[in-house]
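Participant: what's the 3D shape of this:
(2 chains, ligands or ions: 2)
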2 protein chains.
Amino acid sequence: MEFPSKLIENAVGELAKLPGIGRKTALRLTLHLLKAETEATSALAEALAKMRFEITYCQTCHNISDTEECSICANKLRDHSMVCVVSDIRDVIAIENTGQYQGVYHVLGGVISPIEGIGPSDLHIDTLLTRIPESEIKEIILAISPTMEGDTTAFFLSRKLREFPDVHISTIARGIPMGGELEYADEITLGRSIVERTRQAKA
Amino acid sequence: MEFPSKLIENAVGELAKLPGIGRKTALRLTLHLLKAETEATSALAEALAKMRFEITYCQTCHNISDTEECSICANKLRDHSMVCVVSDIRDVIAIENTGQYQGVYHVLGGVISPIEGIGPSDLHIDTLLTRIPESEIKEIILAISPTMEGDTTAFFLSRKLREFPDVHISTIARGIPMGGELEYADEITLGRSIVERTRQAKA
Ligand SMILES: [Zn+2]
Ligand SMILES: [Zn+2]
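Facilitator: Ligands and ions are numbered 1, 2, ... in the order given. Have a look, this model is predicted:
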């Protein structure tokens, strides 16, 4: 595709780097912005830059947060003895939207994936292990998508968590289709799978 | 959907204003940017802002251009006696990509749409009419999508162009499905429809 302007070409090129956005879609978005008020583009550009450069993470759970401690960790009404371990911030948002969970979270920041070169040390596993005795955690719910990488990660964590025999380990209940991504589950299925989580037998 | 951060919420909100992008997709794009290098986001934000604020249009044909005269109008090898009238810059790009057309263009900037409140005076029709005698134009090809609004626009133009009895008026050949958008046509169909354009009978 040839463009009559380098400015358009750059905008299309940058948009097309986003996942799931091809060059035709990128051109459509660019021309949409071109037709709309200039304010629409500056609001978008500023929101993206501000998000990327000013974002901070909760020092306790690694959730995204505008403050040092996220609103979930800071909430005294929540059950801080119960930690739901997820791979991604998306999963926190998805579980929060079910309204079924009153504990706190721990965001790993990914899953173990040898193909992508992501090992256990690339994930927030150490901080989970130090958090358990410090915060008197009684239950850990492994809410990791049942994909191959997710299962590997859950297995790795289960073994690590044997260090803490008093902590109950559970996994979210079956109900999420095998190989399915957590975030695509509907709220009812996801909510129920947390309530009916299966406690893992001590190996 | 509730977000753990206002920065994320704003970014998702702005992305979700784009056509065809829902909040789930917007969140996915936001989290993608968050995981990627900061440079990816600044490059995107800058490309969009630069595109929107620095873009200029060709003073002759209203095509997008980084200079006063676009590269098509400035090209002496092209046939300046033949003008292809399109509604949109997208259409210029689509026709250029066929490699079948050697004339120049005139971009209307839309189509007549009473529902959207777009009348003939909102389009670049006057500049087309003054351009015809000035540039010794011999043929005008109406390459407007055969939608209801497109047909209305083509009909309006045909009547206006009766002022110039020596100018041949043609429309792009059938081949584009009725009701179809020009830009979605494959390059072969679109290229052939220009080569085999039907000359309009003088009413
Ligand atoms: Zn937190
Ligand atoms: Zn031009």
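Participant: A strand includes A:I72, no?
Facilitator: No - under DSSP: H, G, I helix; E, B strand; the rest coil, A:I72 falls outside any strand and is assigned coil.
Participant: isn't it right next to A:T60, touching?
Facilitator: No - under the criterion of C-beta atoms under 8 Å, A:I72 is not in contact with A:T60, lying 9.2 Å apart. For every residue, glycine as well, the C-beta is placed using N, CA and C.
Participant: any common contacting residues for the two?
Facilitator: A:V104 (C-beta atoms under 8 Å, 6 or more residues apart in numbering or on different chains).
Participant: Identify the residue nearest A:S113 in space, chain neighbours excluded?
Facilitator: Among residues not flanking A:S113 along the chain, A:E149 sits closest, at 4.7 Å (C-beta to C-beta, 6 or more residues apart in numbering or on different chains).
Participant: Does that neighbour lie in a helix or a strand, and which?
Facilitator: Element membership for A:E149, per DSSP states H and E: helix A:148-160.
Participant: and after that helix, which helix or strand comes next?
Facilitator: strand A:168-171.
Participant: Contacts made by stretch A:134-141 with the rest, please.
Facilitator: So stretch A:134-141 is contacted by A:80-85, A:103, A:131-132, A:161, A:166-172, A:194, A:197 (C-beta under 8 Å, 6+ apart).
Participant: Return only those of these found close to chain B.
Facilitator: Among those, not one lies near chain B by C-beta under 8 Å from any C-beta of the partner chain.
Participant: out of the residues you listed, which are buried?
Facilitator: Among those, those classed as buried by 16 or more other C-beta atoms under 10 Å in any protein chain shown are A:80, A:82-85, A:103, A:131-132, A:161, A:167-172, A:194, A:197.
Participant: A:E2 contacts B:I95, correct?
Facilitator: No - using C-beta under 8 Å, A:E2 is not in contact with B:I95, being 11.1 Å away.
Participant: Mind checking which of these two has more residues around it?
Facilitator: More crowded of A:E2 and B:I95, by other C-beta atoms under 10 Å in any protein chain shown: B:I95, with 26 against 9.
Participant: List the contacts of the residue lying closest to the more buried one once chain neighbours are set aside.
Facilitator: Excluding the flanking residues, the one nearest B:I95 by C-beta to C-beta, 6+ apart is B:Y101, at 5.4 Å. Neighbouring residues of B:Y101 by C-beta under 8 Å, 6+ apart: B:C84, B:I95, B:G191, B:I194.
Participant: In chain A, what residue spans correspond to strands?
Facilitator: Ranges of strands in chain A, per DSSP state E, are A:56-57, A:64-65, A:79-86, A:103-107, A:139-142, A:168-171, A:198-199.
Participant: Which residues of chain A lie near ligand 1?
Facilitator: A:C58, A:T60, A:C61, A:N63, A:C70, A:C73 (C-beta under 5 Å from the ion).
Participant: any low-confidence regions in chain A?
Facilitator: Along chain A, the parts satisfying pLDDT under 70 run over A:1, A:174-180, A:182, A:192, A:196, A:198-203.
Participant: if we can go back for a sec, considering only the contacts of stretch A:134-141, which also neighbour ligand 2?
Facilitator: Among the contacts of stretch A:134-141, ligand 2 is touched by none when using C-beta under 5 Å from the ion.
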